[in-house]
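> generate coordinates for the sequence data below:
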Amino acid sequence: MIDTKIPKNILNKLKKVVDDTVIISRTTDTNQVKFSNNKVSITQNWVNNSISIFVAKDKKIVTTTIQDFRNASIEKSIGLIKKNLSLMGPNDEYLGIAEGPFKYKKVEDLYDKEVVNYDFSDKLEAGINKSLEVGAKRTSGLLEASEAEYLLLTSNNVEAIDKSSLIHFSVRSFFDNDASGHITNSSRILKNFHIEKSCKEASEIAVQSKNPQTGKKGAFDIIFSPLAFAPLLDRIGDATSSFNVDARLSFLADKLNHNVADENIVLRDDGTLKNGIGSTKFDSEGVPTQDNIIINKGILKTYLHNSSTAKKFNVETTANAGLIAPQPWNLVLESIYPLSKEKLFKEIKNGLYVTNIWYTRFQNQETGEFSTIPRDAIFVIKNGEINGCVKGIRISELMPRILQNIALTANDSKQIKSWEAEIPCVLPHILVRNVNITTSTN
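Residues are numbered from 1 along each chain as shown. Model (predicted):
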């Protein structure tokens with residue numbers, strides 16, 4: 001059980017000198033296994049204890065995190081908070097935090113007590129062997145299992161505790177330096193978590209992507225795998241934060257109640273999603289999380305809010321408060337009329353199947369101009385069938401065009417969290433029309 005004495009003591013001390021206080025005390029226990037060249041290379045365990053603090057006084061805001069819980073260190077941190085408040089200028093955009101207390105509903109499949117102590121060694125060995133059996137020459141990746149407990153306290157009558165577990169598996173298989181496949185598998189619970197299946201899929205992609213040819217520039221219809229589109233969906237999710245909208249760091253600014261996507265498309269942010277990697281009972285102000293429809297039939301219906309931004313926009317909070325800015329919990333992209341994966345591929349006469357991307361970077365966040373590099377297997381699609389593969393291409397596009405050109409999706413949604421997609425996403429294979437491709441020779 002998490003120790004409540006120290007965070008409550010900090011809250012009581014700060015309440016005497018500031019207007020608003022949020023305290024988040026978190027304990028995380030993590031086991032990690034890294035493997036490379038078909039062998040386990042590193043195993044490690046660590047326990048992390050931290051207390052994050054948010055305070056506001058006369059619209060001046062200070063945040064900090066402490067990991068030393070000795071009395072002298074805590075007093076020093078409180079002293080630094082007071083000093084920094086005296087040096088800060090007011091933030092007129094700040095309009096306070098939510099008033100509690102609140103009642104919370106249970107989020108299904110958020111915690112599995114078996115996760116952190118489960119012995120994955122046999123399953124990992126079987127997975128590596130399956131990769132080699134399918135035809136990969138080498139396999140690398142990581143397996144991480146953790147559990148976390150966190151306590152939220154605020155000066156506005158909130159005291160709430162939540163507990164979660166997480167298993168994340170990432171495997172990259174190679175046939176040679178030009179032929180590779182990458183698959184991830186993430187879950188809160190052990191059920192439906194399959195290491196061997198992921199290794200098999202990664203190896204199949206690697207073997208099938210042998211002998212890629214140099215790609216050509218032009219506009220192509222592209223099918224993105226869930227892993228490949230998740231980093232783009234992350235950027236779309238970031239753009240829905242009212243903080244980024246207000247700061248003109250969003251290509252969705254001034255688009256509320258406008259058409260931003262095909263009428264077949266629905267985008268939700270669901271903090272209560274069963275087995276959701278980002279699911280939680282409450283946001284950082286203690287407001288119970290909910291399922292927010294961001295885009296409905298192509299129309300942008302809402303931005304994501306905390307209490308402060310909601311008051312400024314004259315709406316209700318969407319329960320997406322982080323310590324500083326609103327943030328998505330689980331982005332869920334779906335279509336009203338999904339197809340099977342096989343039928344989705346039949347929609348392509350001459351296009352590409354991108355299985356992974358990396359180095360997604362904005363040139364201009366307000367316009368949504370970005371580029372990203374397809375990684376691992378990039379397959380050519382001819383008349384609905386895979387017909388060879390390419391390498392050496394870059395996607396150079398505008399994010400609003402990507403959204404507008406999502407034509408169809410499959411019905412094979414998968415939960416994705418990766419280095420390139422920090423916001424958890426649930427999404428299927430996605431067909432985007434007329435995507436601009438450049439090459440290193442452009």
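> these two touch, right, Pro90 and Lys59?
Yes: Pro90 is within contact range of Lys59, at 3.9 Å (criterion: Cβ atoms under 8 Å). For glycine as for every other residue, the C-beta is placed from the backbone atoms N, C-alpha and C.
> show me the protein divided up by domain.
Residue ranges for each domain of the chain read 5-208, 213-439, as given by automatic domain parsing.
> most packed of those domains?
Mean neighbours per residue, mean count of other Cβ atoms under 10 Å, is largest over these for domain 213-439, with a mean of 20.
> for it, how far is the first residue from the last?
12 Å (Cα to Cα, to the nearest Å).
> give the rounded mean pLDDT of that domain.
For domain 213-439, mean pLDDT rounds to 97.
> one more: stretch 150-159?
97.
> in the stretch 301-442 of the chain, which spans are strands?
Using DSSP state E, counting those that start in this stretch, the strands found in the stretch 301-442 of the chain span residues 331-335, 350-354, 357-364, 369-374, 378-382, 385-391, 393-398, 406-409, 414-418, 421-427, 430-439.
> the last one packs against which elements?
Pointing back at strand 430-439 there. strand 218-224, strand 393-398, helix 399-404, strand 406-409 (3 or more Cβ pairs under 8 Å, 6 or more residues apart in numbering; DSSP states H and E).
> out of these, which comes closest to Thr65?
helix 399-404 (31.8 Å; Cβ to Cβ).
> who touches that closest one?
232, 235-236, 239, 251, 260-262, 265, 367-370, 432, 434-435 (Cβ atoms under 8 Å, 6 or more residues apart in numbering).
> list the contacts for Glu369?
Counting by Cβ under 8 Å, 6+ apart, Glu369 has contacts 362-363, 397-399.
> adding distance to Ile299, write these out as JSON lines.
As requested, the contacts of Glu369 are exported to JSON lines (distance: Cβ to Cβ, whole Å):
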{"residue": "Phe362", "distance to Ile299": "24"}
{"residue": "Gln363", "distance to Ile299": "27"}
{"residue": "Glu397", "distance to Ile299": "22"}
{"residue": "Leu398", "distance to Ile299": "19"}
{"residue": "Met399", "distance to Ile299": "17"}
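> with respect to Ala206, which of those is nearest?
Checking the contacts of Glu369 one by one against Ala206 (Cβ to Cβ), the nearest turns out to be Glu397, at 26.8 Å.
> please report how far the residue nearest to that closest one when sequence neighbours are not counted lies from Phe313.
The shortest distance from Glu397 to any non-neighbouring residue, by Cβ to Cβ, 6 or more residues apart in numbering, is to Asn436 (5.2 Å). Distance of Asn436 to Phe313, given as Cβ to Cβ, to the nearest Å: 34 Å.
> quick one: name whatever helix or strand follows the lengthiest helix in the chain.
The longest helix of the chain (DSSP state H) is helix 71-87. With elements assigned by DSSP states H and E, the helix or strand that comes after helix 71-87 is helix 121-134.
> what packs against that following helix?
Counting by 3+ Cβ pairs under 8 Å, 6+ apart, helix 121-134 packs on strand 20-36, strand 39-57, strand 138-154, strand 158-176, helix 195-208.
> now do it against strand 39-57, angle only.
Angle between the axes of helix 121-134 and strand 39-57 is 120 degrees (criterion: axes from the mean of the first three to the mean of the last three Cα atoms, to 10 degrees).
> let me have helix 121-134 in CSV, keeping just the CA atoms, if that works.
Provided in CSV are the C-alpha atoms of helix 121-134 (Å, rounded to 0.1, in the frame of the first residue of the first chain):
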residue,chain,number,x,y,z
SER,A,121,11.4,-16.6,-19.6
ASP,A,122,9.9,-19.7,-21.3
LYS,A,123,7.5,-17.7,-23.4
LEU,A,124,10.3,-15.3,-24.5
GLU,A,125,12.5,-18.2,-25.5
ALA,A,126,9.6,-19.8,-27.4
GLY,A,127,9.0,-16.5,-29.2
ILE,A,128,12.7,-16.1,-30.3
ASN,A,129,12.7,-19.7,-31.5
LYS,A,130,9.4,-19.1,-33.5
SER,A,131,11.1,-16.1,-35.2
LEU,A,132,14.0,-18.3,-36.3
GLU,A,133,11.7,-21.1,-37.4
VAL,A,134,9.7,-18.7,-39.6
